[in-house]
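A.B. asks: compute the structure for the input listed below.
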Amino acid sequence: MALILPGFRFKKTYSSKKQVKPIVVSTWNHGLAANRSAWEILAKKGAALDAVEAGVKVTESDPNIRSVGLGGLPDRDGKVTLDACIMDHNNRCGSVAFLQDIENPIAVARKVMEDTPHIMLVGEGAFQFAMEKGFPKKDLLTEESKKEWEEWLKKSKYQPVINIENHDTIGMLAIDEAGNLSGACTTSGMAYKLHGRVGDSPIIGAGLFVDNEVGGACATGVGEAVIRIAGSAIVVELMRNGLAPEDACKKAVERIMKKHKNLDDLQVGFLALNKNGEYGGYSIYNGFNYALKTYSEEKLIDAKFFKEI
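C.D. replies: Down below sits the predicted model:
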């Protein structure tokens, strides 16, 4: 049964419009390169699930991106710990959290989805599973990230900086030629976090949610704030109740703002894609952007926002 949110009348809006397909959207400017990799699959009539996995793996393997995968900034103990999840059009999903020494956690998350009866594996268990599946062990702490961590240790002050070290999770949503949606989300989490901290990115319904009848959504920013409202699931339900993607993202951001008395340094952004291929994003502060790729367009879009830094 659909969740009917107060103030909104349930109405189906997805059967009367022509669906834009294929299409892929992803968070932040590194989404441009990720989208191109996903598009190689989508343009050949490949599955959205394969596309989103391939797309975010590009970001995970780029050592110059300090918030995802290889080269990600470590926790306060100097350990790079990764979170990721993936979800397909049948609501199958897989997730890993607090995973170390594996370059592509999104691929491990897919194996959890396809090869186990579970949805989430964490920590040492997730690592052991990855080893059993043949994933290579790799030290993810690059010299550049290590130097930044060592500099941080001199003061050991945890102070998130908006749109910089703590907000560059990549989330990706795609519709394939068959009209099916899938999504993926992956991150190394907040820089210099407590060892063992897990954010919203591997949590289905928080960092990512997909409903093939409605659309999908993903989140970026301070994960604790996203978890508190089940952010991505809320965005999808708002779209189910008739809101356009951007409006649904805005409503979710408003809900987060109402739940926090102090918004200093609290950046959260949502990105949504509905069944028709309509897309939109919204964030608390300016600076959040997302990448789009279709047959006719490839661009980076600045999301609308509530407050200017």
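
A.B. asks: next helix or strand past the lowest-mean-pLDDT helix or strand in the chain?
C.D. replies: Ranked by mean pLDDT, DSSP states H and E, the weakest helix or strand in the chain is helix 143-153, scoring a mean of 94. Using DSSP states H and E, the next helix or strand after helix 143-153 towards the C-terminus is strand 170-175.

A.B. asks: show me what the top helix by length along the chain is packed up against.
C.D. replies: For the chain, the helix with the greatest residue count under DSSP state H is helix 245-259. Packed against helix 245-259 by the contact rule (3 or more Cβ pairs under 8 Å, 6 or more residues apart in numbering; DSSP states H and E) you find strand 215-221, helix 223-228, helix 231-240, strand 268-274, strand 279-285, strand 304-307. Every residue, glycine included, has its C-beta placed from N, CA and C.

A.B. asks: mean confidence for that helix?
C.D. replies: For helix 245-259, the mean pLDDT works out to 98.

A.B. asks: pull the CA atoms of stretch 49-68 into CSV?
C.D. replies: C-alpha atoms of stretch 49-68 as CSV (Å, rounded to 0.1, in the frame of the first residue of the first chain):
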residue,chain,number,x,y,z
LEU,A,49,21.6,-2.0,-13.1
ASP,A,50,24.8,-2.7,-15.1
ALA,A,51,25.0,1.0,-16.0
VAL,A,52,24.9,2.4,-12.5
GLU,A,53,27.4,-0.1,-11.2
ALA,A,54,29.9,0.7,-14.0
GLY,A,55,29.3,4.4,-13.7
VAL,A,56,30.1,4.8,-10.0
LYS,A,57,33.0,2.4,-10.2
VAL,A,58,34.7,5.1,-12.3
THR,A,59,34.5,7.4,-9.3
GLU,A,60,35.5,4.8,-6.8
SER,A,61,38.7,4.1,-8.7
ASP,A,62,39.7,7.7,-9.2
PRO,A,63,42.4,8.6,-6.5
ASN,A,64,41.8,12.3,-7.1
ILE,A,65,38.3,12.2,-5.6
ARG,A,66,38.8,12.3,-1.9
SER,A,67,35.3,11.3,-0.8
VAL,A,68,34.8,8.0,-2.6
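
A.B. asks: flag every buried residue along it.
C.D. replies: 49-60, 62, 65-68 (16 or more other Cβ atoms under 10 Å).

A.B. asks: likewise stretch 102-122?
C.D. replies: Going by 16+ other Cβ under 10 Å, stretch 102-122 has these buried residues: 102-113, 119-122.

A.B. asks: now swap in stretch 185-202 and tell me
C.D. replies: So stretch 185-202, judged by 16+ other Cβ under 10 Å, has buried residues 185-193, 197-202.

A.B. asks: bridged to residue 82, which residues?
C.D. replies: residue 99 (DSSP bridges).

A.B. asks: I figured it hits residue 67, correct?
C.D. replies: No: taking contacts as Cβ atoms under 8 Å, residue 82 lies outside contact range of residue 67: 10.7 Å.

A.B. asks: anything in contact with each of the two?
C.D. replies: Among the neighbours of residue 82, those also in contact with residue 67 (Cβ atoms under 8 Å, 6 or more residues apart in numbering) are 187-188.

A.B. asks: circling back: what comes into contact with the least confident helix or strand of the chain?
C.D. replies: Helix 143-153 has contacts (Cβ under 8 Å, 6+ apart) with 63, 66, 71-74, 78, 80, 141, 191-192.

A.B. asks: between those, which sits nearest residue 133?
C.D. replies: residue 80 (19.9 Å; Cβ to Cβ).
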